[in-house]
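S.K.: model this:
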Amino acid sequence: MPETRIQTRAELRLPTQELRDDLPFYTKTLKMRLDMIYPADNPEVAVLSGHGLRLRIEKGATESPGTICILTEDPDGFAGGARVLTAPNGTRVEIGDLNPPLILPKTEHAFVVRRLADQAPWVIGRAGMEYRDLIPTRLGGAMIASHIRVPDGPVPDMVHFHKVGFQLIFCVAGWVDVLYEDQGDIRRIHAGDCFIQPPGIRHKVLHSEGVQVVEIGVPAEHVTEIDHEMTLPTPHFRPDREWDGQRFVHDIGAEGVFHPFRIPGFEARDTSIHKNTRGMASVMVARPVGVAPWTVHDGDILFTFVMTGGMTLEGEGKDPYRFEPGDAFVIPPGMATRYSEATADLQLLEVTLPGNPATRVL
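M.R.: Below is the predicted model:
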């Protein structure tokens, strides 16, 4: 016998004192569809649908009127340009932009030090991942930097994307498998490797073992959306595709070549992120080869995470700070600093926005 499918649907109930007053507002102003109404002679219940929502407006219901948020590509033309309306039954309606422009807050510059030994709390975040905040001030909302641990095994993730200006995933331990839109089959990064996830690229974390990553997001507050329609991997391989002027990057650390760094006494390998973001950011892995002088950078954001080894950071007007693996710091533009007493195994992850900031030797 054929299987019987049981249909279900959900409705959100709203109260009303007089249904006749509400119907023109919901059908004409909000452009919703009337699906059901009863009793015919003196209606007390109406069910309407539209914009992904199903409403049951019921006379005498005890719920509060509530708020409906409608997002549209044309908010100025949806309800005569009104952004806030009140229905006859008291329900507040807010009209917003479906795809609002990304706002990058102005950086609030500060000298920031974050030590692993300070026992900053690990917080359970999306998909069971553990997050440790590396920049508590978020530089005024300009950037978030997180040290993330992912439980071993399959990750309960869904296909999703981020409405973001720039996003980096740099692996500092273990490995993790990820699927990316139009980038072929499974991508695995190991310690020393990294991805940049261009704005809007769909992806899904699959499996990990002992993985720890540093994730950088610009701006600090950005939206993650689930894509219930897309299945990964996608059928097309498009390595040259761009999202908002950025290309996907999968940099393999073991294949990197070191060159002189912006700070004398150090050398660094470029992850190609500067090129593939058209200069929006650069991501370098730096290591000592000599004695570093005092320097000043003229960029906007300069974030550094200590991956291995140790060093002392000297800064004008500051006590020296000794850094070990897991520590992080932010140096504001115009502040004189010196990297000293570096161990031979020191490796620094440096992220700068814009990329490749001018640096002066003092």
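S.K.: quick check: Arg54 touching Leu34?
M.R.: No - using CB atoms under 8 Å, Arg54 is not in contact with Leu34; the gap is 11.6 Å. C-beta coordinates here come from the backbone N, C-alpha and C atoms, glycine included.
S.K.: name the residues contacting each of the two.
M.R.: Val47, Leu48 (CB atoms under 8 Å, 6 or more residues apart in numbering).
S.K.: more neighbours: which of those two?
M.R.: Counted by other CB atoms under 10 Å, Arg54 and Leu34 do not tie: Arg54 has more neighbours, with 16 against 13.
S.K.: for that one, give its distance to Ile95.
M.R.: 19 Å (CB to CB, to the nearest Å).
S.K.: again, but for Glu314
M.R.: 54 Å.
S.K.: what's the weakest-modelled helix or strand in the chain?
M.R.: When each helix and strand of the chain is scored by mean pLDDT, DSSP states H and E, strand 123-124 comes last, with a mean of 78.
S.K.: contacts for the next helix or strand after that strand?
M.R.: As assigned by DSSP states H and E, the chain's next helix or strand after strand 123-124 is strand 130-133. Applying CB under 8 Å, 6+ apart, the contact partners of strand 130-133 are 114, 120-125, 144-151.
S.K.: tell me the mean pLDDT for strand 130-133?
M.R.: In this model, strand 130-133 has a mean pLDDT of 89.
S.K.: pLDDT value on the closest residue to Lys318 other than its chain neighbours, please?
M.R.: Nearest in space to Lys318, with sequence neighbours left out and distances taken as CB to CB, 6 or more residues apart in numbering, is Phe111 at 6.8 Å. Phe111 carries a pLDDT value of 95.
S.K.: what's the neighbour count on Phe111?
M.R.: Neighbour tally, Phe111, other CB under 10 Å: 16.
S.K.: quickly note the distance from it to Asp300.
M.R.: In terms of CB to CB, Phe111 sits 14 Å off from Asp300.
S.K.: show me just the buried residues among the contacts of strand 130-133.
M.R.: The neighbour-count test (16 or more other CB atoms under 10 Å) marks Arg114, Ile144, Ala145, Ser146, His147, Ile148, Arg149, Val150 as buried among these.
S.K.: who's the third one bridged to?
M.R.: The residues paired with Ala145 through beta bridges, assigned by DSSP bridges, are Ile216.
S.K.: can you pull the contacts of it?
M.R.: So Ala145 contacts Asp133, Leu134, Ile135, Val214, Glu215, Ile216, Gly217, Phe303, Phe305, Ala328, Val351 (CB under 8 Å, 6+ apart).
S.K.: pick out the lowest-pLDDT one from the contacts of strand 130-133.
M.R.: The member of these with the lowest pLDDT is Ala120, at 66.
S.K.: after the helix ranked longest in the chain, next one along is what?
M.R.: Using DSSP state H to define each element, the chain has its longest helix at helix 19-24. Downstream of helix 19-24, the next assigned helix or strand under DSSP H and E is strand 33-38.
S.K.: which other helices and strands contact that next one?
M.R.: Other helices and strands packing on strand 33-38, by 3 or more CB pairs under 8 Å, 6 or more residues apart in numbering; DSSP states H and E, are strand 45-50.
S.K.: what's the closest non-adjacent residue to Thr308?
M.R.: Gln347 (4.6 Å).
S.K.: count of residues packed around the one you found?
M.R.: Other residues lying near Gln347 total 19 when counted by other CB under 10 Å.
S.K.: what sits against it?
M.R.: Val285, Ala286, Arg287, Val306, Met307, Thr308, Gly309.
S.K.: so which strand or helix has the fifth one?
M.R.: The reference is to Met307. Residue-wise, Met307 maps onto strand 301-308 under DSSP H and E.
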